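kindly generate the corresponding structure for this input.
(one chain, ligands or ions: 2)
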Amino acid sequence: MEKLNILNELADEIKTCPKCRLAETRTHAVPGEGSASARIMFVGEGPGENEDKTGRPFIGQAGKFLNGLLEKAGISRDDVFITNIVKCRPPANRVPLADEVEACSDYLMAQIAVIEPKFVIPLGGSSLKTLLGPDLKITQARCKVFRKSGILYIPLYHPAAALHRSALVETLQADILVLKEMLSRDIREDEITDLSAVVTKPKAKAASEPQDEKKDEKKKDDDKPADGTLSLF
Ligand code: URA
Ligand code: SF4
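Ligands and ions are numbered 1, 2, ... in the order given. Purely as a prediction, here's the structure:
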């Protein structure tokens, strides 16, 4: 079957998925969108209010900022694939819980397997930890290149983080230019950070424990999270 057909079938499954508690509170699931043969895939944390209303990823304030970053990098949204680690909005934009991420991960893994991107860009700590391992920190991993199963991962801060911490606007704008440069050429072996050097054995976590260590902090508004609800560290 063609990639697009498989992605559409996955999206249909996601739209009626009952596999975790987020199904009970969602308006629309947000499977993701973009090119079925994308060279680059962006993976955020989870849908926010606007995404839940429309079923489309990154269309609120964080999405607008992401669009600006993509433009700066000369990347068209139509050429990439944009999705999230959980496809349904966590209530009040809280960080997705470990069991929700686990329940939803088959969809993300299937999307990656079908699209076969050359690069995956985890946006923010939740996405980074889900995709590459719980020991990684976005502050240290941003703009580094990791390789897993033949795919190159280059994490960036989550665009919503910059909406609440203005210092990160410049950081992300600089990082996107670094990314642009790296996407335009072959990555050398000596630029690839050895994942086994940063990843220790995954710790067993309680099912209801949030992915992020800053679980007690509350968000301040309704687009994507304020400080603390995003896994910045
Ligand atoms: N933040 C995310 O992580 N994903 C979205 O789709 C929107 C905001
Ligand atoms: Fe299913 Fe994922 Fe939505 Fe949970 S978040 S109901 S696993 S699609």
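
near the residue in the chain positioned nearest to ligand 1, how many other residues are there?
Taking CB to the nearest ligand atom as the measure, the chain has Gly44 as its residue closest to ligand 1, at 2.8 Å. C-betas here are computed from N, CA, C, even on glycine. Other residues near Gly44 number 30, with proximity taken as other CB atoms under 10 Å.

for it, what are its contacts?
If you count contacts by CB atoms under 8 Å, 6 or more residues apart in numbering, Gly44 has them with 57-58, 62, 82-85, 123-124, 127, 158, 224.

interface residues of this structure facing ligand 2?
Contact residues (CB under 6 Å from any ligand atom) of the chain with ligand 2: 14, 17, 19-20, 22-23, 29, 86-88, 100, 103-104.

give me the mean pLDDT for stretch 26-44.
Taken as a whole, stretch 26-44 has a mean pLDDT of 98.

oh, I was asking about stretch 167-181
95.

who wins on neighbours among the residues of the chain next to ligand 2?
Greatest neighbour count in the residues of the chain next to ligand 2, by other CB under 10 Å, goes to Lys87: 32 neighbours.

would that residue count as being in a helix?
No. Going by DSSP: H, G, I helix; E, B strand; the rest coil, the assignment for Lys87 is coil, not a helix.

kindly state the pLDDT recorded for it?
The score at Lys87 is 98. That number is its pLDDT.

name all residues that make contact with it.
Lys87 sits in contact with 14, 17, 29-32, 46-47, 104, 107, where contact means CB under 8 Å, 6+ apart.

what distance do you get for it to Glu49?
Applying CB to CB, to the nearest Å, the value for Lys87 to Glu49 is 15 Å.

swap in Arg165?
According to CB to CB, Arg165 stands 20 Å off from Glu49.

swap in His158?
Distance of His158 to Glu49, computed by CB to CB: 16 Å.

between these two, point out the one with more neighbours.
The neighbour count for His158 versus Glu49, taken as other CB under 10 Å, is higher for His158 (28 against 16).

okay, that one: pLDDT?
With respect to pLDDT, His158 scores 97.

what's the most distant pair in the residues of the chain next to ligand 2?
Farthest pair in the residues of the chain next to ligand 2 (CB to CB) is Ile14 and Glu100. Separation: 13.4 Å.

strands along this structure, start to end?
In the chain, the segments counted as strands under DSSP state E are 33-34, 40-44, 81-84, 119-122, 145-148, 151-153, 192-193.

could I get these as JSON lines with distance to Leu177?
What follows is the strands of the chain, written out as JSON lines (distance: least, CB to CB, whole Å):
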{"stretch": "strand 33-34", "distance to Leu177": "22"}
{"stretch": "strand 40-44", "distance to Leu177": "15"}
{"stretch": "strand 81-84", "distance to Leu177": "20"}
{"stretch": "strand 119-122", "distance to Leu177": "14"}
{"stretch": "strand 145-148", "distance to Leu177": "15"}
{"stretch": "strand 151-153", "distance to Leu177": "18"}
{"stretch": "strand 192-193", "distance to Leu177": "20"}
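
so for Asp175, which of these sits nearest?
strand 119-122 (10.2 Å).

who's in contact with the closest one?
39-43, 112, 128, 130-132, 151-156, 179, 183.

spell out which residues of the protein are next to ligand 1.
44-48, 51, 57-58, 60, 62-63, 84, 160, 224.

restricted to helices, list those residues.
Among the residues of the chain next to ligand 1, the members found in helices (DSSP state H) are 51, 62-63, 160.

out of those residues, which are buried?
Neighbour-count burial (16 or more other CB atoms under 10 Å) is assigned, among these, to 51, 62-63, 160.
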